[in-house]
Structures are given as C-alpha cells and as structure tokens.
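> Build me a model from this:
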Amino acid sequence: MNSSTPASPSWIKDFLLLAAIWGSSFLFMRMGALEFGALPTAAVRVAIASAFLWPLLHWRGQSPALKQHWRPVFAVGLLNSGIPFACYSYALLYISTGLSSILNATVPLFGALVAWIWLKDRPNALRITGLAIGFAGVAMLASGKASFKPDASGMASGWAVVACLVATLC
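Numbering: from 1, shown residues only. Sure, this is the predicted structure:
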C-alpha cells in the first residue's frame with residue numbers, strides 16, 4: 001500500500017493533523033478577537049499568511065506577474081480571505097466556536113449554489129435534494145443557539161450568525 005490510500009496510517013495521521021490545525025484556528029480567532037478586536041485579528045491572520053507566501057512567490061519567479069495583475073489578485077484575496085476572516089472574527093465575539101464550526105459546514109453547500117448561479121452548473125434533482133438536506137441539517141444543528149434578540153450584555157448573536165454565513169459564502 002502506498003501512503004495515499006485511505007487505509008494507510010500516514011493518511012490517518014495527516015488527516016488528524018489537518019483537523020487539529022483547522023479546528024484550532026477557530027479557537028485562536030476567538031481568543032485574538034476577544035483580545036484585539038475583529039479587524040486587527042483578521043489583518044494579522046492575512047499578514048502572517050502573506051509573510052509565508054511572499055518568499056515562495058518570489059522564489060518561483062512570480063513577482064512580476066503579481067505586480068502586473070495585483071488588482072484582480074487583491075480582489076480575490078479580499079473575497080477569499082480578507083472578508084471571511086473579518087466576518088469570522090466578528091462572529092466569534094458573540095457566538096461559540098462550536099456554532100461557528102457548524103455554520104462553516106455550509107461552505108460546500110454555498111459552493112454548489114455559486115457554481116449553479118455563476119457557472120451555470122445546473123444540479124440534478126439528487127443534488128438539489130442533497131443541498132436542501134444539507135442546509136436543513138445545519139439549520140437544525142444551529143437552531144436555538146442564536147437569536148436576533150439582545151442578551152444580558154445587549155449583544156445579538158443573530159448578526160454573528162449572518163457574519164459567519166457571509167464568510168462561508170465568500
């Protein structure tokens with residue numbers, strides 16, 4: 001067996017490592033947002049990623065291409081990283097990391113909707129049923145955990161849920 005087969009122990013270790021890293025990002029976002037605020041936390045997250053990726057870009061000789069196409073790259077970066085990180089950081093000020101991770105499950109669902117609308121990838125009846133079941137499942141898991149009514153501190157977690165959903169749509 002090679003290391004890419006699902007039954008191999010190295011694949012399982014890689015999967016668990018990825019899950020730990022991905023899951024801990026929500027915890028660290030919450031801690032950072034509580035200490036520094038939503039936008040500074042998102043900015044630091046993007047800056048750290050840029051600091052690691054910039055040398056790779058330069059090493060691969062892609063700096064001239066970035067200089068030439070910086071506007072579309074900036075737009076994609078804003079849509080795929082900047083806005084979602086800011087929305088998640090804001091949301092984690094008012095909802096639990098568990099609820100945000102449940103809402104994060106809508107990413108592939110929104111991806112299918114975007115493909116349907118933007119790329120004209122018409123889903124068949126089975127895919128539409130799957131999307132409906134997926135959204136219903138996320139709604140059932142998240143129901144009762146968020147409200148648009150202020151709690152004792154005057155904060156409404158419903159807007160945090162909306163922010164999470166905007167992040168997943170991006």
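> Mind telling me what element Phe15 is part of?
helix 9-36 (DSSP states H and E).
> How about the helix or strand just after that helix, which residues are buried there?
Going down the chain from helix 9-36, the next helix or strand is helix 38-59, by DSSP H and E. Under the neighbour-count criterion of 16 or more other Cβ atoms under 10 Å, helix 38-59 has 38, 41-43, 45-46 buried. For every residue, glycine as well, the C-beta is placed using N, CA and C.
> between helix 38-59 and helix 9-36, how big is the angle?
On the basis of axes from the mean of the first three to the mean of the last three Cα atoms, to 10 degrees, helix 38-59 is oriented at 130 degrees to helix 9-36.
> Which other helices and strands does helix 38-59 contact?
helix 9-36, helix 83-91 (3 or more Cβ pairs under 8 Å, 6 or more residues apart in numbering; DSSP states H and E).
> Pick the most buried one from those helices.
helix 83-91 (a mean of 24; mean count of other Cβ atoms under 10 Å).
> how about the next helix or strand after that helix: buried residues?
Sequence order places helix 97-104 as the next helix or strand after helix 83-91, per DSSP H and E. Going by neighbour count (16+ other Cβ under 10 Å), the buried part of helix 97-104 is 97, 99-100, 102-104.
> circling back to that earlier point, turn the helices and strands packed on helix 38-59 into CSV, including mean pLDDT.
Listed next are these as CSV, based on pLDDT from 0 to 100:
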stretch, mean pLDDT
helix 9-36, 84
helix 83-91, 93
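> What residues sit buried inside stretch 124-133?
For stretch 124-133, using 16+ other Cβ under 10 Å, the buried residues are Leu131.
> Poorly predicted segments of this structure, please.
For the chain, applying pLDDT under 70 flags the ranges 1-8, 144-156.
> rewinding a little: dump the helices and strands packed on helix 38-59 into CSV; add distance to Leu113 as well.
Output for the helices and strands packed on helix 38-59, formatted as CSV (distance: least, Cβ to Cβ, whole Å):
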stretch, distance to Leu113
helix 9-36, 22
helix 83-91, 16
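> so Ala65 is in which element?
helix 63-68.
> Off-centre distance for that helix?
On the basis of Cα atoms, centre = their mean, to the nearest Å, helix 63-68 sits 27 Å off its chain's mean C-alpha point.
> After it, which helix or strand is next? Please name it.
In N-to-C order, the element after helix 63-68 by DSSP H and E is helix 70-77.
> And that next one, what does it pack against?
Looks like helix 70-77 contacts no helix or strand (3+ Cβ pairs under 8 Å, 6+ apart).
> Distance from the chain centre to it, please.
18 Å.
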